[in-house]
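Participant: quick one, structure for this:
(2 chains)
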Amino acid sequence: MSTPAGFVDGMRRRARRAYRRSSIIQIVLATGLVAYGFYFPSFCGDCDEHPLLGWLLAGGMVIGGIAWIVGVIRGVLKRRTPSGDPLNLQLHACGDPAAVASELEQEFAGQTFRPKRVYVGGHWLCFEHKTQVTVRRIDALVWAYVERVRHKLNGVTPMGTTNQLIVWSRDGRGAAIPLKRKAADEALKTLQAAAPWIFAGYSEALKESWNNDRDDFIALVDEARRQNGRLAPQGDPH
Amino acid sequence: MLRRRVSRRNHPLIIASPAAAVLLFLELFSVTSDYRFWIYGAAFLLLGALGGIATGLQLRAPDALELMRRDLRPPIVFLRSFQEDHRVIHESPTGDREGGEYVTNTQRKASHEDTLAHRLRGVGPFVAVGQPGEPLATLGAARVYLADHEWKGTVESMVHRAGAVVLQPEFSSGTLWEVELVIRAVDLRRLLLVVPNPAVRPLRFTRVRQLIAERFGVTLPPIDTCPPCDAFYFDATKRPIPLRLDGNASQAAKPFVDHLLALGESGRGRT
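Facilitator: The predicted model follows:
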């Protein structure tokens, strides 16, 4: 598949680089696991008392490590084909990959793609960070909000908060876009300006309506769009 | 298709699985003296025991017809869509989510059946039609399992004898038929209408409100003035009285029970 050079190419290059890095790290870790399993019986303190358990653990580590390496290699080979390319998968979900790539080029013409930055145009939303590639047609979005993720060590000790912009499409596909707090709030505002008909913000009623009454939820968004109106703010933007 | 419980054949497996898990853990205890293993093991056994108790209660759940033979008071009939038995409330929005950080999405049962059963058993046997093919009866109302050709007749007969009906209107053909039956056969004062909470599911509440207005000729409060509630019952002037069913189980639905007791035999057995 030939795609125009520029924005989409930049996104593809970044994604490939991130996947390459991730694959190398995983192979190093998996090789370490195999080696650890291989030498485990020689330094296992309890293995004389429980030889069966020791051999089972060692065997499990070796087999698990080899399976991990095989999985990573298969993933690398799959991603090298046009149909397995992570960006192509995203483009394919939005329509013909070549046509979508061309639309993206037009939409973000003159812009250089940079990772960890959310691009919201008139029709498209794009994001890439590490191995995450997200491309969404703004027409298909129905709900967006900022999610604050509270991290806890062992489920108890607070370890800070991170933010992500969550967007849901009418087909039930969601995307979580990790951003700094300010960037997430700004992205939500930009998205709301580009698509005033979507629900922006989070509330218990929106969550329950999305989970249980999705057809009614989408019908309301469509109705707002038909009237070219803006849906009333729903609860907290977060 | 025969609407009948198929649990009998599955009973040995249901009991054998937790028993095998317990034996496996006891065997693992023998290879370690680490106290952490004992703590995790005890927690696992506790969870298993709780699961076993729940399974035991389901196995012992009475059959609705048998219960009505034993308890001669007019039954309280629970009419709802089978999907409601399994509907859960997720803590977060559901769907295929890509990227970002994973957020745990715990869930809890959405149905108010347990709460209703707790209160309404005091007024009469609380009965419902069971979902065909479910391996174990859902806890709450006593279930009767019926074949396709007989369920309407049996439900009709139960509703005619009922002391009260709990109706959770939905838009499936079976539930709409039940709505029509209730309109024909039940005094509105003996009806508890379980609705989606307008504060939590406003879109579905609006549709149910419209259905109730069309079929019953009764107007529920509009969404902007309706207080958070899970059900309505009606006084002699057909005025809907909102009711909360979550929170304190011993107090929930009590106003409706008091209302039924005050009614006595009045308005029962309408055709």
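Participant: quick one: buried residues of stretch B:80-96?
Facilitator: In terms of neighbour count (16 or more other Cβ atoms under 10 Å in any protein chain shown), stretch B:80-96 has its buried residues at B:Arg80, B:Ser81, B:Phe82, B:Glu84, B:Asp85, B:Ile89, B:His90, B:Ser92, B:Pro93, B:Thr94, B:Gly95. Bear in mind the C-beta positions are built from the backbone N, C-alpha and C, glycine included.
Participant: next one: phi and psi at the third one?
Facilitator: Main-chain torsions, B:Phe82, degrees, to the nearest 10: phi -60, psi -30.
Participant: how many residues are close by the nearest residue to it once chain neighbours are set aside?
Facilitator: Spatial nearest neighbour of B:Phe82, excluding adjacent residues (Cβ to Cβ, 6 or more residues apart in numbering or on different chains): B:Gln131 at 4.2 Å. Counted with other Cβ atoms under 10 Å in any protein chain shown, the neighbours of B:Gln131 add up to 18.
Participant: quick revisit: how about JSON lines for the buried residues of stretch B:80-96, with secondary structure and pLDDT added?
Facilitator: JSON lines is the format used below for the buried residues of stretch B:80-96 (DSSP: H, G, I helix; E, B strand; the rest coil; pLDDT from 0 to 100):
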{"residue": "B:Arg80", "secondary structure": "coil", "pLDDT": "94"}
{"residue": "B:Ser81", "secondary structure": "coil", "pLDDT": "92"}
{"residue": "B:Phe82", "secondary structure": "coil", "pLDDT": "91"}
{"residue": "B:Glu84", "secondary structure": "helix", "pLDDT": "90"}
{"residue": "B:Asp85", "secondary structure": "helix", "pLDDT": "90"}
{"residue": "B:Ile89", "secondary structure": "strand", "pLDDT": "93"}
{"residue": "B:His90", "secondary structure": "strand", "pLDDT": "94"}
{"residue": "B:Ser92", "secondary structure": "coil", "pLDDT": "93"}
{"residue": "B:Pro93", "secondary structure": "coil", "pLDDT": "95"}
{"residue": "B:Thr94", "secondary structure": "coil", "pLDDT": "94"}
{"residue": "B:Gly95", "secondary structure": "coil", "pLDDT": "92"}
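Participant: part of a strand, is the residue nearest to B:Phe82?
Facilitator: No: assigned with DSSP: H, G, I helix; E, B strand; the rest coil, B:Gln131 falls outside any strand and is coil.
Participant: how about the residues of the stretch 51-200 of chain B by chain A?
Facilitator: Within the stretch 51-200 of chain B, the residues that sit near chain A (Cβ under 8 Å from any Cβ of the partner chain) are B:87, B:89-90, B:92-101, B:103, B:196, B:199-200.
Participant: on the pLDDT front, check B:Gln251 for me.
Facilitator: For B:Gln251, the pLDDT comes out at 74.
Participant: secondary structure class for it?
Facilitator: Taking three-state DSSP as the rule, one finds B:Gln251 in the coil state.
Participant: go through chain B and flag its longest helix.
Facilitator: helix B:35-59 (DSSP state H).
Participant: do the same with chain A
Facilitator: When chain A is parsed with DSSP H, its longest helix is helix A:7-43.
Participant: so how far is whichever helix or strand comes after it off the chain centroid?
Facilitator: Helices and strands here follow DSSP states H and E; after helix A:7-43, the next one along the chain is helix A:51-80. Centroid displacement of helix A:51-80 relative to its chain, using Cα atoms, centre = their mean, to the nearest Å, is 25 Å.
Participant: what residues of helix A:51-80 count as buried?
Facilitator: Within helix A:51-80, the residues scored as buried using 16+ other Cβ under 10 Å are A:Gly54, A:Leu57, A:Ala58, A:Met61, A:Val62, A:Gly65, A:Trp68, A:Ile69, A:Val72, A:Val76, A:Arg79.
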